[in-house]
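[1] Test case, fold it:
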Amino acid sequence: KALDSGAEDGVLSAYPRMKIGIHLTPFYSPTDRPAAQIIDELVPVAQSVERNGFGWLSVPHHWVSHPTVWPQPFPMLARLAPETQSIRLMTLVLLLPLLNALDVAEQTATLDQISHGRFTLGVAIGYREAELQAVGLTRKDRVPKLEESLALMKRLWSGEEVTFDGRYCRVKNARMGFTPMQSPHPPIIMGAQSEGATRRAGRIADGVFFGPQVAWADLKRLAGDYLAARGEAGLQGPGILGASRSLILGTDKADALRRARAYLERTFTTYRTWEMQERTMVPLQLSFEKSLEDWTIHGSPRDCVETIRKAQEETGLTHIGFTIYSLPRELPA
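    Coordinates of the predicted model:
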């Protein structure tokens, strides 16, 4: 119903120049279903997203996430690729420093070919100690490994023979068997919740995506930082200037909050437990202390359209990804 109401009330048609997509994380809940059922049920969800005219669907990346459920992104998107026809498939975001750059380059090329050129690679540095420790990294390794990985991956995707002597990955006379379908490679977007990550995205990626916990006021400021960094790097236009936003639909704003309260409480608890907030980040919305007005799209469909309209005018966003916090437990057939 949430997807249908968005289409019927003109959210998509009202913004022909803005791409709007759906983040699949809320559809992993409730977690009392078998894992195979959760994955199988994402197929009709993806088809509904495509049928209703949305531009993409995206999946996240985390390890050891109990009691939450996070199917791994490459096999999940490979499962959905043949079940859809035109919608773009996106990682939002892949925690690139946790992974081997050569492996990610090969996985990306494979998924881009499976989807016939519909893949967008979203990456970020990550923040959870449990994940970093699992691969022998510290927080200080995150940025240099991400930048090194992207540099190597771009060279490998060229199809040429590569010798690369990096700190985290070394290859000699390496050449991929096949390259991505998209040339020179799938679009690369970077998740950001700080000024440093935002400027990094403007400098070395094709776009930026701000997290759903970033307040509208901070998003507006960071969007300016991103555009400034692109200009300094000699890049034209905004590229992909995107934001993940919590979408909470109801008959009005009070009803939207009522519908989403339980989901929001679980989300706040998870991210606080994972210590998402870091010193360098903008203040993240991790409790009910801040009004939903400060960081979500919520209320009636008309309220939501007005929020999107205002955001586009004030920030220049080209992409918005909905994380739907007001889903019923049982979706209609």
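
[2] Who does the host helix or strand of Thr323 pair with, and is each partner parallel or antiparallel?
    Using DSSP states H and E, Thr323 sits within strand 319-324. Strand pairing for strand 319-324, determined by DSSP bridges: strand 19-23 (parallel), strand 240-249 (parallel).

[3] Turn those into a markdown table, including mean pLDDT, mean neighbour count and distance to Ala151.
    Quick note: C-beta positions are derived from backbone N, CA and C, even for glycine. As requested, these are arranged in a markdown table below (pLDDT from 0 to 100; neighbours: other Cβ atoms under 10 Å; distance: least, Cβ to Cβ, whole Å):
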| stretch | mean pLDDT | mean neighbour count | distance to Ala151 |
| --- | --- | --- | --- |
| strand 19-23 | 96 | 22 | 27 |
| strand 240-249 | 96 | 25 | 20 |
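
[4] closest one to Thr307 among these?
    Between Thr307 and the strands paired with strand 319-324, the tightest spacing by Cβ to Cβ is seen for strand 240-249, at 8.4 Å.

[5] From the chain's centroid, how far away is that closest one?
    Offset of strand 240-249 from its chain centre (Cα atoms, centre = their mean, to the nearest Å): 10 Å.

[6] continuing past that strand, what's the next helix or strand?
    Of the helices and strands lying after strand 240-249 in sequence (DSSP H and E), the nearest is helix 253-273.

[7] what packs against that following helix?
    Applying 3 or more Cβ pairs under 8 Å, 6 or more residues apart in numbering; DSSP states H and E, one finds that helix 253-273 contacts strand 240-249, strand 296-299.

[8] In that helix, which residues are buried?
    Using 16 or more other Cβ atoms under 10 Å as the test for burial, helix 253-273 gives Lys253, Asp255, Ala256, Leu257, Arg259, Ala260, Tyr263, Leu264, Thr267, Phe268, Tyr271.

[9] would you turn the strands paired with strand 319-324 into TSV with distance to Gly166?
    Output for these, formatted as TSV (distance: least, Cβ to Cβ, whole Å):
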stretch	distance to Gly166
strand 19-23	32
strand 240-249	27
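
[10] wait, which of those is closest to Met153?
    strand 240-249 (17.8 Å).

[11] tell me the angle of the closest one relative to helix 253-273?
    120 degrees (axes from the mean of the first three to the mean of the last three Cα atoms, to 10 degrees).

[12] Keeping just the C-alphas, turn strand 240-249 into PDB.
    Output in PDB follows, covering the C-alpha atoms of strand 240-249 (Å, rounded to 0.1, in the frame of the first residue of the first chain):
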ATOM      1  CA  ILE A 240      24.300  11.800  -8.200                       C
ATOM      2  CA  LEU A 241      23.300  13.900  -5.300                       C
ATOM      3  CA  GLY A 242      21.200  11.600  -3.200                       C
ATOM      4  CA  ALA A 243      19.800  11.000   0.200                       C
ATOM      5  CA  SER A 244      18.300   8.100   2.000                       C
ATOM      6  CA  ARG A 245      15.200   9.300   3.800                       C
ATOM      7  CA  SER A 246      12.800   7.600   6.300                       C
ATOM      8  CA  LEU A 247       9.300   7.500   4.700                       C
ATOM      9  CA  ILE A 248       6.500   7.200   7.200                       C
ATOM     10  CA  LEU A 249       3.000   7.300   5.600                       C
END
